[in-house]
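Novice: Provide a 3D model corresponding to the input given below.
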Amino acid sequence: MPMEMKVNMFEVFKSIKMQLDSANIYYDTKSYRDDAFSFLVHVPGEYWEIDVREDGSVDVEVFKSEGVRDEPWAAIEQLVEDHRD
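Specialist: A predicted model of the protein is given here:
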């Protein structure tokens, strides 16, 4: 029977933190899920959500900028209209 290797969530979190810190990448940490702690990373033109789950696995979502809008007020109005309750 093969031994199951358990990955420590905290060790994975520390490893990612050390990598971000060593590269001087700005991030916030957050806990908004019951099963994960997250790094919210902001780099020019991108926003990353890195979730470290309790089993040690990692989920990553990357959001990229579409660039500067030609008509910023129209873009803001569209944002508000699209997400109004």
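Novice: May I have the secondary structure class of G56?
Specialist: Here G56 is recorded as coil under DSSP: H, G, I helix; E, B strand; the rest coil.
Novice: Name all residues that make contact with it.
Specialist: Counting by CB atoms under 8 Å, 6 or more residues apart in numbering, G56 touches K6, V7, N8, M9, E11, V12. For every residue, glycine as well, the C-beta is placed using N, CA and C.
Novice: Grab the nearest non-local neighbour of the third one.
Specialist: It refers to N8. Closest residue to N8 apart from its sequence neighbours, by CB to CB, 6 or more residues apart in numbering: G56 at 6.3 Å.
Novice: How about the second one?
Specialist: Counting by CB to CB, 6+ apart, the nearest residue to V7 once its immediate chain neighbours are dropped is G56, at 2.8 Å.
Novice: How about L20?
Specialist: Y27 is the one closest to L20 (CB to CB, 6+ apart), at 5.4 Å.
Novice: Any idea how many residues pack against that neighbour?
Specialist: Neighbours of Y27 under the rule other CB atoms under 10 Å: 17.
Novice: I'd like the distance between it and A74.
Specialist: According to CB to CB, to the nearest Å, Y27 stands 32 Å off from A74.
Novice: What confidence value was assigned to M1?
Specialist: M1 carries a pLDDT score of 49 in this model.
Novice: ok so, going back, in helices only, show me the contacts of G56.
Specialist: Of these, the ones assigned to helices by DSSP state H are M9, E11, V12.
Novice: Now tabulate these in JSON lines and tack on neighbour count, pLDDT and distance to D34.
Specialist: Converted to JSON lines, those look like this (neighbours: other CB atoms under 10 Å; pLDDT from 0 to 100; distance: CB to CB, whole Å):
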{"residue": "M9", "neighbour count": "18", "pLDDT": "91", "distance to D34": "13"}
{"residue": "E11", "neighbour count": "11", "pLDDT": "95", "distance to D34": "20"}
{"residue": "V12", "neighbour count": "17", "pLDDT": "95", "distance to D34": "17"}
